[in-house]
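*Asks:* Sequence plus the predicted model coming up.
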Amino acid sequence: MKLIIVPHNVTLTEAIENHIVAKIDKLDHMDQRIVDARVTLEHDHTKVPERQFSCSIRLAVRGPDLFARDVENDLYTAIDVVAKKIEQQIRKRHNKFKAKKHKVGARTKRTRQEKE
């Protein structure tokens, strides 16, 4: 998986990069079909202190891309919250796929039982 980190008005330190890589590796472990991940970090000095740091993640996967964004007072908190949102989206997509497969199996089983 390709990882792209785009900082806007944020100094990308090694600690921040390691934190992002750890979160993205966890997401990659959950869904191996992820093509690439684009992480955008922003710091806006003009906003109130509670909403200065924003983080957004766009995961390119087969089908519609997954996207999440969050604004917090701390950059690490924003990264954690966005990673959790993306994780929930991956779980939801996986559960929908599993439910779709189960519906087909249940239908064939029901038709087989009706024939007997």
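*Replies:* Perfect, I can see it now. None of these values were measured; they are calculated from a predicted model.

*Asks:* going forward, measure contacts and count neighbours with C-alpha atoms only.
*Replies:* OK.

*Asks:* Can you mark which positions in stretch 65-81 are buried?
*Replies:* Under the neighbour-count criterion of 16 or more other C-alpha atoms under 10 Å, stretch 65-81 has 66-72, 75-79, 81 buried.

*Asks:* if I look at residue 45, how far off is residue 60?
*Replies:* Distance, residue 45 to residue 60, using C-alpha to C-alpha, to the nearest Å: 30 Å.

*Asks:* between those two, who's got more neighbours?
*Replies:* residue 60 (18 against 11; other C-alpha atoms under 10 Å).

*Asks:* just so I have it, where are all the strands in the chain?
*Replies:* Assignment of strands within the chain using DSSP state E yields the ranges 2-8, 36-43, 53-60, 66-72.

*Asks:* And the first one, how far out from the chain middle?
*Replies:* Its chain's average C-alpha position is 14 Å from that of strand 2-8, according to C-alpha atoms, centre = their mean, to the nearest Å.

*Asks:* Tell me what angle that strand forms with strand 36-43.
*Replies:* Angle of strand 2-8 versus strand 36-43, following axes from the mean of the first three to the mean of the last three C-alpha atoms, to 10 degrees, is 10 degrees.

*Asks:* Poorly predicted segments of this structure, please.
*Replies:* Along the chain, segments meeting pLDDT under 70 span 102-107, 110, 113, 116.
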